[in-house]
Structures are given as structure tokens and as C-alpha cells.
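Asks: fold the following, please.
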Amino acid sequence: MTDQKVEVAEPEVKYRGNTYFEYSKFFGFKAEDLKDKRILDLGSGHDSFSRSVKSLFPQLDTEIVSLDIENQTNIDRAKHVNGTTYTLPFKDNSFDLVLAHLSIPLWLFDPKDKNRDRSEYLKEAIEKMQAVLREAARVLRPGGEAKFSPWGFATNLSTRDNIILREEFTRGMQEATANSADFTFSMETIFDCPLGHLTKKS
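Replies: Residues are numbered from 1 along each chain as shown. Take a look at the predicted model:
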């Protein structure tokens, strides 16, 4: 591992369907930012992010560990771990970067539950997201970062109610994490999607 900044040329053709480009678009990083990093990809599915980075940038000394709740097909079993984001099966201070794209809910919403109040959704969403943040902070090395995008929403709520829910969720998360002793947390909107950013305190 080295602290020297190494420039890595970005491919000119950014074609749709390549997971590296999708992640880099939402999370705002370049390939050189991944060099010498140990990265945890939460909700990795078929490990497409790991495979796309290896294919595009074989020169990077980057280790990507993929985690999903169940076995998937077409995965790198040497670097794929089954587990849940609420209790990550890793030691403290294990990663430089944690990424979660299209994998951290609000998918606790049950489309069949037509009568559940939005405030109940919101309370449960904030509690569950706090658990995810605590685990991400635990496995990050001091100064490490975690990025989450975008949040899913309730399929049984109207578009207007989903927008209100997202705004309330953002405010609730910021209030809930304002005084954390372990990390700082902020949220912003990228491409009309909420993006969360956690930095572990040194």
C-alpha cells in the first residue's frame, strides 16, 4: 500500500449497464480514488461492481468484498460473503470505504399493508438506518467513508406521500445522528435521489 496519488485514466466510453460507471456517477469518485483501498459493497447482488472494476482497471491494487443476504449466481466466491447490513460479519476497522447502491431501504415497506400510517414507516426506517450506520462506522477504519444511494420508497404510497416521506426521513436521520461520537453523517440529493455520506471520526 502506498500514499502516493496515482492517476488512472477513465475509459472514454461510459456505456449504460456498467456498474462501475453507475456507482461513480452517484457517489462521485474516480478510479484513482479506489487505489489501495479495501472496499465493502453492501447488497452486491451478482458482484457486478467488483467485476466491472477488475475488468476496467486491472492495475488497481483494490480489494472489494461483496456482501448480500443470500447466495447469488455468477459471483466471486473468494470475496463474496453472505450476511445482513444490520449485523455485518466483519471485524472492527476492516475497510476504507463502504458502498451501498440500490440496496439499503426503506424496503421495510410492505405493499400489502395498505393501512399502515406513514409515521410508523418513518420511525422504523430511521431506527433501521441508524443500525446500518452504526455497523458501517464499526467496520470502517478511522477516517473511512460510507456512501449510500438511493433510498427505496413505499410502493403503496402516492408520489406526493413518498416525497414527503423522503424529506421527513432526511430530517429525522440528520437529527438522529447529529451527536454521534463515532461518525459524522450528512444527506444530499443527487439525480433526484437521496444520497447519504458517513465519515468515521479519527
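
Asks: now do the buried residues in the longest strand along the chain.
Replies: The longest strand of the chain (DSSP state E) is strand 140-149. For strand 140-149, the neighbour count (16 or more other C-beta atoms under 10 Å) marks 140, 144, 145, 146, 147, 148, 149 as buried. No exception for glycine: its C-beta is placed from N, CA and C like everyone else's.

Asks: quick one: contacts for residue 97?
Replies: Residues touching residue 97, when contacts are defined by C-beta atoms under 8 Å, 6 or more residues apart in numbering, comprise 34, 37, 38, 39, 40, 140, 144, 145, 146, 147.

Asks: so what's it closest to, chain neighbours aside?
Replies: Nearest-residue entry for residue 97: residue 39, 4.7 Å, with adjacent residues in sequence omitted and distances by C-beta to C-beta, 6 or more residues apart in numbering.

Asks: elements contacting the lowest-mean-pLDDT helix or strand in the chain?
Replies: Each helix and strand of the chain was given a mean pLDDT (mean pLDDT, DSSP states H and E); the minimum falls on helix 159-177 at a mean of 78. Packing partners of helix 159-177 (3 or more C-beta pairs under 8 Å, 6 or more residues apart in numbering; DSSP states H and E): helix 118-139, strand 183-190, strand 193-200.

Asks: quick check: residue 180 is in a helix.
Replies: No: for residue 180, which was evaluated using DSSP: H, G, I helix; E, B strand; the rest coil, the result is coil, with no helix membership.

Asks: contacts only, for it.
Replies: Counting by C-beta under 8 Å, 6+ apart, residue 180 touches residue 137.

Asks: circling back: now, which of the contacts of residue 97 sits nearest residue 63?
Replies: residue 38 (4.8 Å; C-beta to C-beta).

Asks: show the average pLDDT along stretch 101-115.
Replies: Rounded to a whole number, the mean pLDDT of stretch 101-115 is 60.
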